[in-house]
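Engineer: below: sequence and its predicted model.
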Amino acid sequence: GQQVMQIPQYQHVQEGEDFTTYCNSSTTLSNIQWYKQRPGGHPVFLIQLVKSGEVKKQKRLTFQFGEAKKNSSLHITATQTTDVGTYFCAASNTDKLIFGTGTRLQVFP
Amino acid sequence: KAGVTQTPRYLIKTRGQQVTLSCSPISGHRSVSWYQQTPGQGLQFLFEYFSETQRNKGNFPGRFSGRQFSNSRSEMNVSTLELGDSALYLCASSYTSGRNEQFFGPGTRLTVL
């Protein structure tokens, strides 16, 4: 079945450093969504990308969808302690969302 | 609008028992999806219900079942509990489809002893 891999699994950064997580699918995707889950919380929707090569920004967060619609990335500029959590991509292909394995981000002040 | 609510929030059961979890979606949302979250396996899709019908199902054994009522509220049931069923069970609602933006509830933390 369809698999969605995310790398890295964990990332520890110093506050102010940048952070990037990558999401890769074995198949072409209809769209891709990104979610953030704070420690002890539940996933919260961040954004959806639909078009090939699409780039969207939310303040310090930049989301990209690959040209072949098989990969995506989330980049955070100048991380803050409030960015701590696990970031999941979720791939939509046919009839359901397949969540990636997640990247846990720890930010040290 | 009130968010997605799940009850109970915490549950402790023993092996062999069964459990029923409840989810109330956001008002107006007709799609309800259930996910199992464990440290080792991440977020695994269980099933999606829409208008009282199961629309999609993940790769879980038949011990996992669900249903949806006419008011879109949903329940999931796990029979003959196993230790490996210990997890956070998340319910998510969406207006039309399990492929669209999902609004997650706080989850039910199930511990099987």
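Structural biologist: Everything's here; your move.
Engineer: mind listing what's buried in stretch B:95-103?
Structural biologist: Neighbour-count burial for stretch B:95-103 flags B:97-103 (criterion: 16 or more other Cβ atoms under 10 Å in any protein chain shown). For glycine as for every other residue, the C-beta is placed from the backbone atoms N, C-alpha and C.
Engineer: secondary structure element for the closest residue to A:Leu97 other than its chain neighbours?
Structural biologist: In space, and not counting its chain neighbours, A:Leu97 is closest to A:Ala90: 4.5 Å by Cβ to Cβ, 6 or more residues apart in numbering or on different chains. Element membership for A:Ala90, per DSSP states H and E: strand A:85-92.
Engineer: likewise for B:Ser97?
Structural biologist: Using DSSP H and E, B:Ser97 maps to neither a helix nor a strand.
Engineer: just checking, it touches B:Ser31?
Structural biologist: Yes - counting by Cβ atoms under 8 Å, B:Ser97 touches B:Ser31, with 5.5 Å between them.
Engineer: ranges for the strands of chain A?
Structural biologist: A:4-7, A:10-14, A:19-25, A:31-37, A:44-49, A:55-58, A:61-65, A:71-76, A:85-92, A:97-99, A:103-108 (DSSP state E).
Engineer: mind giving me CSV with these and columns for mean neighbour count and mean pLDDT?
Structural biologist: Below are the strands of chain A laid out as CSV (neighbours: other Cβ atoms under 10 Å in any protein chain shown; pLDDT from 0 to 100):
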stretch, mean neighbour count, mean pLDDT
strand A:4-7, 18, 93
strand A:10-14, 13, 97
strand A:19-25, 21, 96
strand A:31-37, 23, 96
strand A:44-49, 17, 96
strand A:55-58, 12, 98
strand A:61-65, 19, 98
strand A:71-76, 20, 97
strand A:85-92, 24, 94
strand A:97-99, 24, 90
strand A:103-108, 18, 97
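Engineer: restricted to strands, list the buried residues of stretch B:95-103.
Structural biologist: Using DSSP E, B:Phe103 are the members of the buried residues of stretch B:95-103 that sit in strands.
Engineer: could you dump the strand holding A:Ala90 to CSV, C-alpha only?
Structural biologist: Extracted as CSV, the C-alpha positions of strand A:85-92 are listed here (Å, rounded to 0.1, in the frame of the first residue of the first chain):
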residue,chain,number,x,y,z
GLY,A,85,6.1,19.5,18.6
THR,A,86,5.7,16.8,16.1
TYR,A,87,5.1,17.8,12.5
PHE,A,88,3.2,15.4,10.3
CYS,A,89,2.5,15.4,6.6
ALA,A,90,-0.6,13.7,5.4
ALA,A,91,-0.9,12.5,1.8
SER,A,92,-4.2,12.3,0.0
